[in-house]
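Colleague: sharing a sequence plus its predicted fold:
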Amino acid sequence: MPEGREKKVTPPQKQMTKHRVSFINFLNSVPLGWNFLQGKAKEDFEILFDVPSECAAHLAGGQADVGLIPVIEYQRIPGLKVLPGISISAKREVRSVLFVSRLPLEKVKTVGLDTSSRTSAALLKILLKVFYGRDSIGFEPHPPHPAEMLQKFDAALLIGNPALHLPSEKLYTYDLAREWRRFTGLPFVFAFWAVRGEVELGERVSHFYDSRRQGLAHVDLIAETYSERLGLRADEIKTYLRLHLDYSLDEENLKGLTTFFELARQEDLIDSIDPIRFYPVPSRFRERPASQTRS
């Protein structure tokens with residue numbers, strides 16, 4: 001080596017740390033998580049499979065960087081930002097968030113609340129008290145076992161996969177999204193992607209939008225895959241995902257969400273209302289989802 005010249009050393013390439021994503025392990029979330037389950041997103045993210053209440057707990061405790069959380073938890077976990085344009089919502093009925101009772105509604109005194117639930121539990125309390133005038137009902141958390149819940153309580157709140165396997169016995173059944181629409185004229189938002197305030201996703205944020213687009217394009221495959229796994233007919237799954245769920249966060253959905261927050265505050269289910277803060281996402285990633293035909 002000539003005198004006076006230093007050998008140039010190339011620093012080792014820094015490997016990016018995987019972001020941790022808490023994902024709801026329910027059928028209704030599969031279209032949003034398609035690329036995390038099947039595609040390239042698995043290379044950049046560590047996936048935690050949770051029920052909604054666990055998603056919120058992991059995001060609040062820092063065990064996850066991004067979570068598909070029940071919307072009520074946005075008001076309980078400080079500093080979160082929401083990925084714009086994406087949610088799990090229902091424009092009319094949802095089929096997988098049900099209030100079921102052995103008795104007529106006016107005779108119900110005790111209700112078992114699915115422990116997986118946060119937003120749906122708040123929604124049920126609002127519907128019963130504000131719109132049905134039932135303010136003396138006792139609520140108790142219970143694991144999501146429909147037969148046990150209906151044996152122990154007059155009625156039960158069932159969400160997600162257990163609600164899709166509702167017992168065949170005769171029950172008084174209320175679809176909570178349908179009831180919400182009936183009284184408010186608005187859709188209901190159940191969950192959305194939330195990011196911890198200090199987390200920077202960079203270009204990786206594109207995976208969340210690609211995943212929704214790919215998921216909605218593969219509903220037939222999802223139905224075939226989950227039919228045997230969940231014991232549901234493929235055509236039932238297709239109808240559920242295409243007709244009963246909406247994966248946008250459009251202006252109408254946001255209005256429904258704001259109304260829900262206002263009523264939750266009125267009923268002391270949250271301490272205050274924190275306006276939605278959106279995570280900054282470049283417009284090139286925020287492609288509108290594939291169209292969904294609705295009933």
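Modeller: Received the coordinates, thanks. Residues are numbered from 1 along each chain as shown.
Colleague: show me where pLDDT drops low in this structure?
Modeller: Within the chain, the segments meeting pLDDT under 70 span 1-16, 167-169, 287-295.
Colleague: can you map out the strands along the stretch 51-200 of the chain?
Modeller: Assigned by DSSP state E, counting those that start in this stretch, the strands in the stretch 51-200 of the chain fall at 66-70, 81-82, 86-90, 97-101, 110-114, 138-142, 155-159, 172-175, 188-195.
Colleague: could these be laid out in CSV, adding mean neighbour count?
Modeller: Just so you know, the C-beta spots here come from the backbone N, C-alpha and C atoms, and that holds for glycine as well. Converted to CSV, the strands of the stretch 51-200 of the chain look like this (neighbours: other CB atoms under 10 Å):
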stretch, mean neighbour count
strand 66-70, 29
strand 81-82, 20
strand 86-90, 26
strand 97-101, 23
strand 110-114, 23
strand 138-142, 13
strand 155-159, 27
strand 172-175, 17
strand 188-195, 27
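Colleague: for F26, which of these is the nearest?
Modeller: Using CB to CB as the measure, strand 155-159 is the one of the strands of the stretch 51-200 of the chain that comes nearest F26, at 8.0 Å.
Colleague: now that closest one and strand 188-195, what's the angle there?
Modeller: Here strand 155-159 runs at 50 degrees with respect to strand 188-195, directions being taken by axes from the mean of the first three to the mean of the last three CA atoms, to 10 degrees.
Colleague: one step back: adding distance to F131, write the strands of the stretch 51-200 of the chain out as a markdown table.
Modeller: Putting these into a markdown table (distance: least, CB to CB, whole Å) gives the following:
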| stretch | distance to F131 |
| --- | --- |
| strand 66-70 | 20 |
| strand 81-82 | 27 |
| strand 86-90 | 17 |
| strand 97-101 | 12 |
| strand 110-114 | 15 |
| strand 138-142 | 16 |
| strand 155-159 | 16 |
| strand 172-175 | 11 |
| strand 188-195 | 13 |
